[in-house]
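Asks: Just the structure for this:
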Amino acid sequence: MIDRGPNLRSQRPEEVRTCLQQVLARLKAHNIPIPPGSRAARFIRLSERFANKELGPAGVGELREVNELLEANRDFAELATIVEYLLPAQPPAAKVLLTKLKDVLGGAPLPGEDANALPRSTQFELYVTALCARAGLDPKFREPDCIVATGEMRLGIAAKRLAGTDVRGLVKQGASQLRKAKLDGLVALSLDRLFAPNDERLAADTPEGLKPAASEIVLKTVQPYLKVLDRDASGSRALAVLAFVVVPAAIPSTNSIGRVESVFLHALRPITRKQAAALMDIHERLGRHSAM
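Replies: The predicted structure is shown next:
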């Protein structure tokens, strides 16, 4: 297992406001409205109160609204990456992307309240594709979810967001998508929902204080599943899992919000040197551009 992180991404109110304005301007250029009552619309309202110092982790506002702000900020960070790296500044844009973006803007304020998993699942799929674009992997919207190029190899990526606790089932679904696409590749997993309670938060007096807790969460989240996933992958086209753990975080002393991110790569079965080099290239490029 190769781990990257945990990395802390934090924003002050004015930074959140500037980024939000940029995202909304690009969505407007493509005639993508924010649905009233959606989690995106809710974030706009909460972030404005955050910018006006009417809401924040420093004891300002109701706890429920602060939790919604933290969760919405995690969601928005993914949406901002999607918009920046997949959506052109001006039309036209790929029809498949526009359709998926409209799905993404729905969903409940907190993951544990989702009646429909499609918005956040589609968001994770686009987020993984956007990260690959940022890393220069030239992703294409094709089955299983996207295809990337590294060296002389093309690898498929099946992006799966956990909605319950069936990690094995999710990896099997991803492997099935790779088989149907007739490609070797990776299963990208969002494991955020494995926490108990499902809407986990981290808080500390300083940014550095968040990292030990984040590392512990990653290890506890990942390790129990590795052996059984290795057995399940035998004979499949899934070479590895690329798993993401992202936890909303707060630093009350500076009234900052953000997220702690960690990504790990785990080979599921014996692979060739060429395949190993391709996987390492993907992991390193994702990490290198994440640090920029």
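Asks: low pLDDT regions in the chain?
Replies: The model of the chain has pLDDT under 70 over residues 1-6, 195-200, 207, 210-219, 289-292.
Asks: repeat that with 80
Replies: 1-12, 164-165, 193-223, 288-292 (pLDDT under 80).
Asks: Regarding it, what is its longest strand?
Replies: Criterion DSSP state E: the longest strand present in the chain is strand 238-251.
Asks: how far does it sit from the chain's center?
Replies: Counting by CA atoms, centre = their mean, to the nearest Å, strand 238-251 is centred 7 Å from the centre of its parent chain.
Asks: Strand partners (parallel or antiparallel) of that strand?
Replies: Strand 238-251 pairs in its sheet with strand 185-190 (parallel), strand 202-203 (parallel), strand 256-267 (antiparallel), by DSSP bridges.
Asks: Quick one: the ones you listed as TSV, columns for mean neighbour count too.
Replies: To be clear about C-beta, it is placed using only N, CA and C from the backbone, and glycine gets the same treatment. Output for the strands paired with strand 238-251, formatted as TSV (neighbours: other CB atoms under 10 Å):
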stretch	mean neighbour count
strand 185-190	28
strand 202-203	18
strand 256-267	23
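Asks: closest one to residue 21 among those strands?
Replies: strand 256-267 (17.3 Å; CB to CB).
Asks: orientation of the helix or strand following that closest one relative to strand 185-190 in degrees?
Replies: Next helix or strand after strand 256-267 toward the C-terminus (DSSP states H and E): helix 273-290. Taking axes from the mean of the first three to the mean of the last three CA atoms, to 10 degrees, one finds that helix 273-290 is oriented at 30 degrees with respect to strand 185-190.
Asks: which of the residues in helix 273-290 are buried?
Replies: 275, 278, 279, 281, 282, 283, 285, 286, 287, 289, 290 (16 or more other CB atoms under 10 Å).
Asks: That one - contacts with which helices or strands?
Replies: strand 2-11, helix 118-134, strand 146-150, strand 153-161, strand 238-251, strand 256-267 (3 or more CB pairs under 8 Å, 6 or more residues apart in numbering; DSSP states H and E).
Asks: quick one: which of the ones you listed is nearest residue 37?
Replies: Comparing the helices and strands packed on helix 273-290 by CB to CB, helix 118-134 comes nearest, at 12.9 Å.
Asks: Just put the buried residues of helix 273-290 in JSON lines and tack on distance to residue 126.
Replies: Shown next, in JSON lines, are the buried residues of helix 273-290 (distance: CB to CB, whole Å):
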{"residue": "275", "distance to residue 126": "26"}
{"residue": "278", "distance to residue 126": "23"}
{"residue": "279", "distance to residue 126": "22"}
{"residue": "281", "distance to residue 126": "22"}
{"residue": "282", "distance to residue 126": "17"}
{"residue": "283", "distance to residue 126": "20"}
{"residue": "285", "distance to residue 126": "18"}
{"residue": "286", "distance to residue 126": "15"}
{"residue": "287", "distance to residue 126": "20"}
{"residue": "289", "distance to residue 126": "17"}
{"residue": "290", "distance to residue 126": "17"}
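Asks: Turn the strands paired with strand 238-251 into CSV, columns for distance to residue 129.
Replies: Converted to CSV, the strands paired with strand 238-251 look like this (distance: least, CB to CB, whole Å):
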stretch, distance to residue 129
strand 185-190, 9
strand 202-203, 27
strand 256-267, 15
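Asks: for those strands, which one sits closest to residue 243?
Replies: strand 185-190 (4.3 Å).
Asks: how far out from the middle of the chain is that closest one?
Replies: The gap between where strand 185-190 is centred and where its chain is centred comes out at 11 Å by CA atoms, centre = their mean.
Asks: Count residues in the vicinity of the residue nearest to residue 237 when sequence neighbours are not counted, would you?
Replies: Distances taken as CB to CB, 6 or more residues apart in numbering put residue 178 closest to residue 237, at 4.2 Å, once the chain neighbours are dropped. Here the number of neighbours of residue 178 (other CB atoms under 10 Å) works out to 24.
Asks: got the buried residues for the helix or strand that contains residue 178?
Replies: Using DSSP H and E, residue 178 sits in helix 167-181. In terms of neighbour count (16+ other CB under 10 Å), helix 167-181 has its buried residues at 167, 170, 171, 172, 174, 175, 177, 178, 179, 181.
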